[in-house]
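[1] got a predicted structure plus its sequence, pasted below:
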Amino acid sequence: MFFQDIQMNNGTVFSGEKRGELVQEIIDKFSREKTHAWWSYRGFRRSEGRFRRIQHSAKNLLKIFL
């Protein structure tokens, strides 16, 4: 992708190449964060499922012994 140079309000020129690098860095960062959040969510769901199975087993054992 090609970005044009732009002139800032203070008169300095912001190169298109630098803008492209900045955009790519931002996109990569959001991509990594989304991936991390997805894996965290999967880990939570897996732990929640294990907890529910243990809770169900404990409830059944209490019915047997009480």
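    That came through fine. Just so it is clear, the model here is predicted, and its values are computed rather than measured.

[2] tell me the SS of N10?
    N10 falls in the coil class when you classify it by DSSP: H, G, I helix; E, B strand; the rest coil.

[3] return the distance of it relative to L22.
    For N10, the distance to L22 (Cβ to Cβ, to the nearest Å) stands at 18 Å. Backbone N, C-alpha and C define where each C-beta goes, glycine included.

[4] those two: who's more crowded?
    L22 (12 against 5; other Cβ atoms under 10 Å).

[5] ranges for the strands of the protein?
    Applying DSSP state E to the chain gives strands spanning 6-7, 13-14.

[6] helices and strands around the first one, which ones?
    Going back to what we said before, that points to strand 6-7. strand 13-14 (3 or more Cβ pairs under 8 Å, 6 or more residues apart in numbering; DSSP states H and E).

[7] if we can go back for a sec, need the winner for burial among the strands of the chain.
    Across the strands of the chain, the average number of neighbours (mean count of other Cβ atoms under 10 Å) peaks for strand 13-14, which reaches a mean of 12.

[8] out of the strands of the chain, the one nearest R53 is which?
    strand 13-14 (56.3 Å; Cβ to Cβ).
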